[in-house]
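K.L.:
below: sequence and its predicted model.
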Amino acid sequence: MIDTTTAQLEKLVTHHRVNENRQTLSLFDENSDRFSLFSAHCGDIVFDYSKCNVSSETMGLLLELATKAKVSGKRQAMFAGEPINSTENRAVQHMALRNMSDAPVMIDGKDVMPDILAVRKDMARFAEAVRSGKVAGKGGKFTDIVNIGIGGSDLGPVMATAALGPFHDGPNTHFVSNVDGADILEVLKKVNPATTLFIVASKTFTTQETMTNANTARQWLVNALGEGAVVNQFAALSTSLDKTSAFGIADDRAFGFWDWVGGRYSIWSAIGLPLMIAIGSKRFDEFLSGAHTVDQHFETAPDNQNLPVLMALIGIWHRNVCGYDTHAVLPYDQYLHRFPAYLQQLDMESNGKRIDVNGKSVAHETGPVVWGEPGTNGQHAFYQLIHQGTSVIPADFLVAAEAAEPVGDHHEKLVANAFAQTEALMVGKTEAQARKELHDKGMDANAIDKLAPHKMFPGNRPTCTFLYPKLTPFVLGQLVALYEHKVFVQGAIWNINSFDQWGVELGKELAGELLPVVKGEQKAMGRNSSTVGLVDAFHAMRK
């Protein structure tokens, strides 16, 4: 028996087949009001999906898909604190971390808001004390913060701290994640041990990469200032107080979070401490408030005006119906230069699944490959493939109406490029148009015959545009929450668990087994000849 979601997807595939030669530009010709019909608002953000090849009939079928997949019920279950992370039997409540209302949030029959508010208050106390110099290092007021984490304990703070650079009025912030020693050594070269605070972000305080870097930083500090400096110049974002204490970190400098917060959803928790120190607790609250506004919108707005639902459905249309397997995120905002990398983890770790919640193989494609770079840099790098390559790559453009830091007419030129790219990707250029342009330039017929095919653009390449007033803490909170909920909706439609990540475990296990082999403490017994050969070559090169 075919489930209703699969049946609805098949209806969409049939609809697409009937309309596969439809040109998006013709839809604008048919309806001069297309922009208002195929765009939506949430708070400060305008979401324009009118340049995607969808009609009212298409959207009707997609909205029906959301109904058949029971997205509404699954959304209610998430907000109600039910254990929708089925493989780990956990609730999913990162929304509670940015709850700025007086409403309780229940998990397992307990209101978790008092605990959340207590940690938020402790974070603010510590952050403001660091910023003011009340909490200081051996050399006085902290000039630098070094956050040591990986994955969700790194990408969120890195992205948000970079995005809100114009709002920094605290110490300089640095981030270390890679176990490659070059990462931490390059940071240590830039900082003064007497005025540097290290923050170690690991829920269990056992993550191999994080603890390796933390121990290197600890030894560097001890070598410079002595063992007594550790208690003054280290803090932890962890719930394992026994391990943080053994490391030498005081309990009042260890800030916890909960197992119903996934790593890639944890920027709103204690993991956001380096951001709070950089921009201050008041602006951090604005960041939380922006996300809370989206939570309220996602929970209450009708699906046909609900931005995360619409974002997800457009993505489903491209991935499952049109067969496009990658998705580009192209911020025309330099401060969002780490946003594509952040969304890579959010989307690909969440929905990179091939088994559904019932333990069966999925019947359709799931998460796309997410990638991107800021404009206009990307225009001079990979846009060639987006415009004229054999693969169709849907793209999100993110554009601010006002520059965070205005300089001359830079911003107007930036925005003109963004809007021009979305138009060019849709409109394209026919061979007849290319021929006429070349003829008008005085080129002879033989030369036109040779060059015209290369000047043709297929067009009909889909883009969505997010337009926001200015990149502030509030707006950044909105943008991140929109994508979080988009990922949830797509996972709900695909019937997969978006909140576990078992796929990263096998590599970790094998790395642990191989470490003594790589160190030369054990022989590579019982392994494939490739691994054995590489280990032998590695050892030979080091002699």
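P.N.:
Right, received. Where do you want to start?
K.L.:
helix or strand with the lowest mean pLDDT in this protein?
P.N.:
helix 505-518 (a mean of 92; mean pLDDT, DSSP states H and E).
K.L.:
spell out the residue ranges of the strands in the stretch 301-450 of the chain.
P.N.:
326-332, 369-371, 395-400 (DSSP state E, counting those that start in this stretch).
K.L.:
what comes into contact with the second one?
P.N.:
Outside of strand 369-371, the residues that reach it under the criterion Cβ atoms under 8 Å, 6 or more residues apart in numbering are Asp325, Thr326, His327, Ala328, Val329, Pro340, Leu343, Gln344, Asp347, Met348. C-beta coordinates here come from the backbone N, C-alpha and C atoms, glycine included.
K.L.:
make it 10 Å
P.N.:
Around strand 369-371, the neighbours that count as contacts under Cβ atoms under 10 Å, 6 or more residues apart in numbering are 325-330, 340-348, 351-352, 382, 393, 396, 483, 487.
K.L.:
dump the residue contacts of the residue most central in space within the chain.
P.N.:
Nearest to the geometric centre of the chain sits Leu343, at 2.1 Å (Cα atoms, centre = their mean). Taking Cβ under 10 Å, 6+ apart, we find Leu343 in contact with 155, 159, 264, 327, 329, 331, 370-372, 396, 479-480, 483-484, 486-487.
K.L.:
if we go to 7 Å?
P.N.:
Val329, Val370, Tyr483 (Cβ atoms under 7 Å, 6 or more residues apart in numbering).
K.L.:
got the phi and psi for the last one?
P.N.:
Note on Tyr483: its backbone torsions stand at phi -70, psi -40 [degrees, to the nearest 10].
K.L.:
that one: what's it in contact with?
P.N.:
Leu343, Leu346.
K.L.:
I'd assumed Asn497 was in contact with Ser86.
P.N.:
Yes. The criterion here is Cβ atoms under 7 Å, and Ser86 meets it with Asn497 at 5.6 Å.
K.L.:
give me the beta-bridge partners of Leu237?
P.N.:
Ala201, Phe255 (DSSP bridges).
K.L.:
which residues of the stretch 301-450 of the chain score low on pLDDT?
P.N.:
Residue ranges of the stretch 301-450 of the chain with pLDDT under 70: none are present.
K.L.:
all helices of it, in order?
P.N.:
With helices called from DSSP state H, counting those that start in this stretch, the stretch 301-450 of the chain shows them at 307-316, 339-344, 350-351, 383-388, 410-427, 431-440, 445-451.
K.L.:
closest one to Val18 among those?
P.N.:
Ranking the helices of the stretch 301-450 of the chain by proximity to Val18 (Cβ to Cβ) places helix 307-316 first, at 18.2 Å.
K.L.:
packing partners for that closest one?
P.N.:
Secondary-structure packing of helix 307-316 (3 or more Cβ pairs under 7 Å, 6 or more residues apart in numbering; DSSP states H and E): strand 39-42, strand 45-48, helix 56-68, helix 473-494.
K.L.:
which parts of the first one are buried?
P.N.:
By that I understand strand 39-42. Neighbour counts using 16 or more other Cβ atoms under 10 Å place Ser39, Ala40, Cys42 of strand 39-42 among the buried residues.
K.L.:
now it: how far from the chain's centre is it?
P.N.:
21 Å (Cα atoms, centre = their mean, to the nearest Å).
K.L.:
same check on the longest one?
P.N.:
Here the centre of mass of C-alpha atoms in helix 473-494, compared against the chain's by Cα atoms, centre = their mean, lies 9 Å away.
K.L.:
also stretch 182-195?
P.N.:
Using Cα atoms, centre = their mean, the offset of stretch 182-195 from its chain centre is 27 Å.
K.L.:
and that stretch, how far apart are its ends?
P.N.:
22 Å (Cα to Cα, to the nearest Å).
K.L.:
pLDDT score for the closest residue to Lys243 other than its chain neighbours?
P.N.:
Among residues not flanking Lys243 along the chain, Phe205 sits closest, at 3.8 Å (Cβ to Cβ, 6 or more residues apart in numbering). The model reports Phe205 with a pLDDT of 95.
K.L.:
give me the secondary structure label for Ser245.
P.N.:
Going by DSSP: H, G, I helix; E, B strand; the rest coil, the secondary structure assigned to Ser245 is helix.
K.L.:
what about the closest residue to it other than its chain neighbours, distance to Val230?
P.N.:
Excluding the flanking residues, the one nearest Ser245 by Cβ to Cβ, 6+ apart is Asp251, at 6.6 Å. Asp251 sits 14 Å away from Val230, taking Cβ to Cβ, to the nearest Å as the criterion.
K.L.:
what's the least confident helix or strand of the chain packed up against?
P.N.:
So helix 505-518, by 3+ Cβ pairs under 7 Å, 6+ apart, packs with helix 529-542.
K.L.:
Arg542: neighbour count?
P.N.:
Using other Cβ atoms under 10 Å, Arg542 has 7 other residues around it.
K.L.:
thinking again about what came up before, Glu437: which of the helices and strands packed on helix 307-316 is closest?
P.N.:
Short answer: strand 45-48, nearest of the helices and strands packed on helix 307-316 by Cβ to Cβ, at 28.6 Å.
K.L.:
adjacent strands (with direction) for the closest one?
P.N.:
With DSSP bridges as the test, strand 45-48 pairs up with strand 39-42 (antiparallel), strand 463-468 (antiparallel).
K.L.:
only C-alpha atoms, please: export that strand in PDB.
P.N.:
Output of strand 45-48 as PDB, limited to C-alpha atoms (Å, rounded to 0.1, in the frame of the first residue of the first chain):
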ATOM      1  CA  ILE A  45      11.700  39.500   6.600                       C
ATOM      2  CA  VAL A  46      10.200  39.300   3.100                       C
ATOM      3  CA  PHE A  47      10.500  35.900   1.400                       C
ATOM      4  CA  ASP A  48      10.100  36.000  -2.400                       C
END
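K.L.:
tell me the buried residues in it?
P.N.:
Ile45, Val46, Phe47, Asp48.
K.L.:
now do the contacts for the second one.
P.N.:
Taking Cβ under 7 Å, 6+ apart as the contact definition, Val46 lies against Ser39, Leu467.
K.L.:
and the least confident helix or strand of the chain, how far out from the chain's middle?
P.N.:
27 Å.
K.L.:
send the alpha carbons of that helix over as PDB?
P.N.:
Coordinates of each C-alpha in helix 505-518 appear next as PDB, following Å, rounded to 0.1, in the frame of the first residue of the first chain:
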ATOM      1  CA  GLU A 505      29.600   8.000  15.000                       C
ATOM      2  CA  LEU A 506      31.300   5.300  12.900                       C
ATOM      3  CA  GLY A 507      34.200   7.500  11.800                       C
ATOM      4  CA  LYS A 508      34.700   8.500  15.400                       C
ATOM      5  CA  GLU A 509      34.800   4.900  16.500                       C
ATOM      6  CA  LEU A 510      37.300   3.900  13.800                       C
ATOM      7  CA  ALA A 511      39.500   6.900  14.500                       C
ATOM      8  CA  GLY A 512      39.800   5.800  18.100                       C
ATOM      9  CA  GLU A 513      40.800   2.300  17.000                       C
ATOM     10  CA  LEU A 514      43.300   3.600  14.500                       C
ATOM     11  CA  LEU A 515      45.000   6.100  16.800                       C
ATOM     12  CA  PRO A 516      47.400   3.600  18.400                       C
ATOM     13  CA  VAL A 517      48.100   2.200  15.000                       C
ATOM     14  CA  VAL A 518      49.000   5.600  13.600                       C
END
